[in-house]
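In: A structural model of the following input is requested.
(one chain, ligands or ions: 2)
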Amino acid sequence: MLIDLQTVIQETEVRETLPQDWWKAADRAQQILGFSRPFEAHIKISRVGDKFLVDGKLYGGLEVVCDRCLEPFDLEVKAEFNVYLVARERDDNEENLELLDEEMEVDFIQGETVDLDDVIREQIYLSVPMKCVCQESCRGLCPQCGTNLNVASCLCESGSTHPAFSRIEKRKIEGE
Ligand SMILES: [Zn+2]
Ligand SMILES: [Zn+2]
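Out: Ligands and ions are numbered 1, 2, ... in the order given. As a prediction, this is how the structure comes out:
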């Protein structure tokens, strides 16, 4: 959605429901497969001097790939963000950029319009945790044969039985 920043006198508010097919298959890492349900976006854009502050809330669900077992799962997303929009002038230099609050995220824009879809897409990427697992107890894939250990066990494991245990088993058999 294109917003003409010239029409933002003080504050502009946008509420939008992004349909489930809004997310187009990823160009970057394929971790996000799509929306698992529609996203609610509530965004306020306010004029701050010669910059614009985007104050946004996103709520929805993503279908993402588990880092350990590589199976898709539903990740609930509740994201709040603040981003400054700064028009990039031809003569902008490092000095001008240093005046910005270092804690704040900055998106550079060309001209007087911003595509909110780009801002939202970026924030959705950022909302996915670095370590993204379907459940804390996910057992992942067997490094040798690739079996998903959440749903099956494989023979590779039998070779790694601790020697102490096999001794106990042996004694039990001998005692019988
Ligand atoms: Zn998993
Ligand atoms: Zn295995």
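In: which ones are touching residue 110?
Out: 87-88 (C-beta atoms under 8 Å, 6 or more residues apart in numbering). C-beta coordinates here come from the backbone N, C-alpha and C atoms, glycine included.
In: surely residue 18 meets residue 43?
Out: No - with contact defined as C-beta atoms under 8 Å, residue 18 does not reach residue 43; the gap is 11.3 Å.
In: quick check: neighbours shared by these two?
Out: residue 120.
In: between the two, who's got more neighbours?
Out: A count of neighbours by other C-beta atoms under 10 Å puts residue 43 above the other of residue 18 and residue 43, at 22 against 18.
In: helices or strands next to the helix or strand encompassing that one in the packing?
Out: Per DSSP states H and E, residue 43 falls inside strand 32-48. Applying 3 or more C-beta pairs under 8 Å, 6 or more residues apart in numbering; DSSP states H and E, we find strand 32-48 packed against strand 11-18, strand 51-65, strand 72-87, helix 116-127.
In: partners of it, with directions?
Out: strand 11-18 (antiparallel), strand 51-65 (antiparallel) (DSSP bridges).
In: dump the longest one to CSV, keeping only the CA atoms.
Out: Extracted C-alpha coordinates of strand 51-65, given in CSV (Å, rounded to 0.1, in the frame of the first residue of the first chain):
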residue,chain,number,x,y,z
LYS,A,51,11.2,12.8,9.2
PHE,A,52,8.3,10.4,9.6
LEU,A,53,7.8,7.9,12.5
VAL,A,54,6.1,4.7,11.7
ASP,A,55,4.5,3.1,14.8
GLY,A,56,3.1,-0.3,14.0
LYS,A,57,1.5,-3.4,15.4
LEU,A,58,1.3,-6.7,13.6
TYR,A,59,-0.7,-9.7,14.7
GLY,A,60,-1.1,-12.9,12.8
GLY,A,61,0.4,-16.3,12.1
LEU,A,62,3.2,-17.6,9.9
GLU,A,63,3.9,-21.0,8.5
VAL,A,64,7.7,-21.4,9.1
VAL,A,65,10.2,-24.1,8.8
